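# quick one, what's the 3D model for this:
(one chain, ligands or ions: 3)
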Amino acid sequence: MKITKDLYQSSLALLTDFYQLTMAYAYWKSGKAEQEAVFNLFFRKNPFQGGFTLAAGLDYVIDFCRNFRFDKDDLEYLAEMKNSDGTPTFESAFMEYLEHMEFKCDLEAVEEGTVIFPHTPMVKVKGPLIQCQLLETPLLNIMNFQTLIATKAARITYAAKGDSVLEFGLRRAQGIDGALAASRASYIGGCSATSNVMAGKLFGIPVSGTHAHSWIMSFDTELEAFEAYADAFPDKCVFLVDTYDTINGIKNAIEVGKILRAKGKEMLGIRIDSGDLAYYSNIAREMLDTAGFPNAKIVASNDLDEQIITSLKIQEASIDIWGVGTKLVTAYDQPALGAVYKLSAIKNTEGKWEPKVKVSQQSIKINIPGEHNAIRFIRNGKAVADMIYLETEDLSKTSFTIIDPIDPTKRKKIMTKGLEQEKLLIPIFIAGQKVYERPNLGQIKENARRNLNLFDKAHKRLVNPHIYPVGLEESLYQLRTDLVFKMKNYDGEESNI
Ligand SMILES: Nc1ncnc2c1ncn2[C@@H]1O[C@H](COP(=O)(O)OP(=O)(O)OP(=O)(O)O)[C@@H](O)[C@H]1O
Ligand SMILES: O=P(O)(O)OC[C@H]1O[C@H](OP(=O)(O)OP(=O)(O)O)[C@H](O)[C@@H]1O
Ligand SMILES: O=C(O)c1cccnc1
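Ligands and ions are numbered 1, 2, ... in the order given. So this is what the prediction gives:
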């Protein structure tokens, strides 16, 4: 993909938090750099108080990993760093180590467009500790943002109930890279086009749009402006009708629509960008129908989001196409996803894997130890539960018990007979070599559509969704519990009270 190619062609290894580099140095200094480890990237809560999350960003992750290296100028910059006593922060032998470092991790991930839930890894990295560590910040940066926006787009398009949603966010997005990534993720999540021309060029997203109030204001009258636009784009006329007086604007649009029709052309529709969108769209529909334009579409815009679209649907507004910008590309009501990246296993000096857990007062923050994967059980085309399990687990068993990672009283028994199984994490890199064939953006969008269709409406509703069951397979649950007790030195007796 071109943008990521251009952006990632030069190494982005310094696009990280400084502490990753100081840890990398200390791993190297203490002889741990090449020790094998497993890290998992996951989030703890669905965004927007919703019931699901839509994964996006893997394509950027792939480019990042393929170009993961320290270039000469990166190393020169690091070599200049000094401790407070004037000595170099990183010794030159470490610089040489970084210079020759090649990405050699195994990386598994859920495909873009996969519906995913809290606690399930979206990306798993296995390889030299130093490399796994250095990937933390950039992987989180990429996955957190694109997953958030793809999820927002899925919610907005869900509210639009099959109507087209156009992404209009470029002018309000978080910078240039944020805008491009947001256009890409919005398309994956269900938008049908973007106003962002560069996103169209770089990613192949359909580009579309109408015109602004400035076009109307640059003429003496609105009618003149519509006529001139119709001259320039006889096949693409969507007239913005609310610059001065919306009802009069609709009348002018109809008048120019008739002129176009006399020339054998059809106006596509009108756009309303202010006022009561239910009231004006219904009046517009009636006026257009009465004037003989039943096929003219009504586009609405103005600070829309999934809640306002839902409300306008309930009000039976006559809106066919929704233009959504600011609230989509900035994920206005929840501007970060909050995925984390945690060490879950490390190979000790005897070559034995040791599961690792971070103990927390809040049980939601206790990570899942060991090398694990997740599987989705599907019955008659509907997903019924996801199970997170240890890689050593025998998946041919006929029944499993899954236990809620936060509340162990919530358990479900899964009888596998007649259920389809979909493995969620699939190999992307093996020993640094890419083994995954990247789908194109259209295929990713289709994967998102198929994935969203796997889930019952109850999990997709925007408010108070029904919680989809995701659980730890029993032996993984037991491993986690034992490890937490071990790390807390808990021997079954209450003490220290
Ligand atoms: N019928 C409706 N039901 C619910 N929300 C609506 C309805 N009509 C418009 N809205 C929303 O209400 C908000 C109106 O905001 P605001 O008052 O700033 O706009 P406006 O004054 O109509 O237009 P502008 O300030 O852009 O000229 C927007 O978010 C819009 O999408
Ligand atoms: O509202 P959004 O979802 O971000 O959609 C994009 C907005 O951008 C344009 O106007 P702009 O905001 O530039 O000016 P306006 O607010 O004065 O209409 C357009 O007319 C939409 O209102
Ligand atoms: O094409 C449009 O109508 C458009 C594009 C960007 C922002 N607002 C509207």
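
# so the residue of the stretch 1-150 of the chain found nearest ligand 3: helix, strand or coil?
Taking CB to the nearest ligand atom as the measure, the point where the stretch 1-150 of the chain comes nearest ligand 3 is Ile149, at 16.7 Å. C-beta here means a position set from N, CA and C on the backbone, and glycine is covered the same way. Classification of Ile149 using DSSP: H, G, I helix; E, B strand; the rest coil returns helix.

# thought it was touching Ser186?
Yes - assessed by CB atoms under 8 Å, Ile149 is found in contact with Ser186 at 5.9 Å.

# the residue of the stretch 1-150 of the chain closest to ligand 3 - how many residues pack around it?
For Ile149, the count of nearby residues is 33 (other CB atoms under 10 Å).

# nearest residue to it in space, please, no chain neighbours.
The spatially closest residue to Ile149, leaving aside those adjacent along the chain, is Ala185, at 3.8 Å (CB to CB, 6 or more residues apart in numbering).

# may I have the helix or strand hosting that neighbour as PDB, with CA atoms only?
Secondary structure assigned from DSSP states H and E places Ala185 in helix 175-189. Once non-C-alpha atoms are left out, helix 175-189 reads as follows in PDB (Å, rounded to 0.1, in the frame of the first residue of the first chain):
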ATOM      1  CA  GLY A 175      -3.500  15.600  11.500                       C
ATOM      2  CA  ILE A 176      -2.600  14.200   8.100                       C
ATOM      3  CA  ASP A 177      -1.700  10.600   9.000                       C
ATOM      4  CA  GLY A 178      -4.700  10.500  11.400                       C
ATOM      5  CA  ALA A 179      -7.000  11.600   8.500                       C
ATOM      6  CA  LEU A 180      -5.700   9.100   6.000                       C
ATOM      7  CA  ALA A 181      -5.800   6.200   8.500                       C
ATOM      8  CA  ALA A 182      -9.300   7.300   9.600                       C
ATOM      9  CA  SER A 183     -10.600   7.300   6.000                       C
ATOM     10  CA  ARG A 184      -9.200   3.800   5.500                       C
ATOM     11  CA  ALA A 185     -10.600   2.500   8.800                       C
ATOM     12  CA  SER A 186     -14.000   4.200   8.100                       C
ATOM     13  CA  TYR A 187     -14.200   2.400   4.700                       C
ATOM     14  CA  ILE A 188     -13.400  -0.900   6.400                       C
ATOM     15  CA  GLY A 189     -16.100  -0.200   9.000                       C
END
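
# what is the mean pLDDT for that helix?
Along helix 175-189, the predicted local confidence has a mean pLDDT of 97.

# quickly check: that helix near ligand 2 or not.
No - no part of helix 175-189 sits close enough to ligand 2 to count as contact by CB under 6 Å from any ligand atom; the gap is at least 11.8 Å.

# can you list the buried residues in that helix?
Of the residues in helix 175-189, those scored as buried under the neighbour-count criterion (16 or more other CB atoms under 10 Å) are Gly178, Ala179, Leu180, Ala181, Ala182, Ser183, Arg184, Ala185, Ser186, Tyr187, Ile188, Gly189.

# from memory the fourth one sits against Asp59, does it?
Read that as Ala181. No - at 10.4 Å, Ala181 and Asp59 do not qualify as touching, with contact defined as CB under 8 Å.

# list the residues that contact both of those two?
Overlap of the contact sets of Ala181 and Asp59 (by CB atoms under 8 Å, 6 or more residues apart in numbering) is empty.

# got the residues of the stretch 101-250 of the chain near ligand 3?
That would be Phe168, Ser195, Gly209, Thr210, which are the residues of the stretch 101-250 of the chain within reach of ligand 3 (CB under 6 Å from any ligand atom).

# now do the contacts for the last one.
If I follow you right, that is Thr210. With contact set as CB under 8 Å, 6+ apart, Thr210 has these partners: Val238, Phe239, Leu240, Arg271, Val299, Gly323.

# same check, this time on the first one
The neighbours of Phe168, taking CB under 8 Å, 6+ apart as the test, are Thr194, Ser195, Gly209, Ser301, Gly323, Val324, Gly325.

# identify the contacts common to Ile149 and Ser186.
Residues touching both Ile149 and Ser186 comprise Leu328, Val329, with contact defined as CB under 8 Å, 6+ apart.

# could you redo the residues of the stretch 101-250 of the chain next to ligand 3 as a markdown table and give each row secondary structure, pLDDT and distance to Pro469?
As requested, these are exported to a markdown table (DSSP: H, G, I helix; E, B strand; the rest coil; pLDDT from 0 to 100; distance: CB to CB, whole Å):
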| residue | secondary structure | pLDDT | distance to Pro469 |
| --- | --- | --- | --- |
| Phe168 | coil | 98 | 37 |
| Ser195 | coil | 98 | 39 |
| Gly209 | coil | 96 | 43 |
| Thr210 | coil | 98 | 44 |
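
# how about those residues in TSV, adding distance to Asn380?
Conversion of these to TSV gives the following (distance: CB to CB, whole Å):
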residue	distance to Asn380
Phe168	39
Ser195	40
Gly209	42
Thr210	43
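
# under the pLDDT cut-off, which ranges of the stretch 301-450 of the chain? List them.
Across the stretch 301-450 of the chain, not a single residue meets the criterion (pLDDT under 70).

# I figured Arg155 hits Glu306, correct?
Yes - using CB under 8 Å, Arg155 makes contact with Glu306 at a distance of 4.5 Å.

# give me the common contacts of those two.
Shared contacts of Arg155 and Glu306, defined by CB under 8 Å, 6+ apart, comprise Leu462.

# so Gly178 makes contact with Ile142?
No - counting by CB under 8 Å, Gly178 sits too far from Ile142 to count as a contact (11.7 Å).

# now Ile130, nearest residue through space, not along the chain?
That would be Ala33: by CB to CB, 6+ apart, it lies 4.0 Å from Ile130.

# what is the burial count for the one you found?
Other residues near Ala33 come to 19 when the count uses other CB under 10 Å.

# cool, and the one 10 residues further on?
Counted with other CB under 10 Å, residues neighbouring Phe43 total 22.

# same check, this time on Ile216
23.

# just Asp407 next, same as before
Summarising burial for Asp407: neighbours were counted as other CB under 10 Å, giving 9.

# got it, and Val324?
Neighbours of Val324 using other CB under 10 Å come to 29.

# for it, list the residues it contacts.
Shown here is Val324, whose contacts under the criterion CB under 8 Å, 6+ apart are Ile156, Val165, Leu166, Glu167, Phe168, Gly169, Cys191, Ser301, Leu304, Asp305, Ile309.
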